[in-house]
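Trainee: Take this sequence and fold it.
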Amino acid sequence: MSSKTKIVVFKARELIYTGIFILLGILLILLLIFMFMPSDKKEAAKETSGYIEGVYSSPLQLGENELELQVTVKDGKAQSASLKHLSKTVKTMYPLIEPSLSEINKQLPKVDSVDELKFGNQNQYTNTILKQAIKNALKKAQE
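Mentor: Residues are numbered from 1 along each chain as shown. Model prediction:
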């Protein structure tokens, strides 16, 4: 019985390089798995958080008059809207502005989105202007 024994000699440098490449390969695979894995937590956090609390303003141009619409956000939802710099002349020139704003304020805490606000046909134009100004202010609350 003749046995042929083979002796294999490895250099330490080759073992170290092989170990490093295997480690880098494993890290690369783990990185790719975590990068492309769907993240339900981030999407759920965005849906539940809504808006950042505070008071946000948006300019509102009515003819030659510029007003400031302020939206108050509490608990991630818009709670109320108010107009600043509203003079008597603006109230006289635009008599539907205050009733429209009070109608919006009644609905605002109850709806999830500004797009869900419902308006009557009487002051549709005024409500549309106010609704757009509220949307502009709420864009600042998302950042």
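Trainee: Pull out the buried residues from the helix or strand that L27 is a member of.
Mentor: Secondary structure assignment for L27, by DSSP states H and E: helix 12-36. Within helix 12-36, no residue is scored as buried using 16 or more other Cβ atoms under 10 Å. For every residue, glycine as well, the C-beta is placed using N, CA and C.
Trainee: roughly how far is it from the heart of the chain?
Mentor: 37 Å (Cα atoms, centre = their mean, to the nearest Å).
Trainee: Need the residues that contact that helix.
Mentor: Outside of helix 12-36, no residue comes within contact range by Cβ atoms under 8 Å, 6 or more residues apart in numbering.
Trainee: so for it, what's the average pLDDT?
Mentor: The average pLDDT within helix 12-36 is 94.
Trainee: before we move on, what about stretch 112-127?
Mentor: Here the average pLDDT along stretch 112-127 is 84.
Trainee: Okay, strands next: where are they in this structure?
Mentor: Assigned by DSSP state E, the chain shows strands spanning 54-62, 65-74, 77-84.
Trainee: give the contact list for Q142.
Mentor: Y51, I52.
Trainee: let's see 7 Å
Mentor: Y51 (Cβ atoms under 7 Å, 6 or more residues apart in numbering).
Trainee: For P59, list the residues it contacts.
Mentor: Applying Cβ under 7 Å, 6+ apart, the residues contacting P59 are E66, E68.
Trainee: try E68
Mentor: S57, P59, L60, K84, H85.
Trainee: quick one: contacts for the spatially closest residue to S100 that is not a sequence neighbour?
Mentor: In this structure, S100 finds its nearest non-sequential neighbour in T126, 4.5 Å apart by Cβ to Cβ, 6 or more residues apart in numbering. By Cβ under 7 Å, 6+ apart, the residues touching T126 are L96, I97, S100.
Trainee: That'll do, ta.
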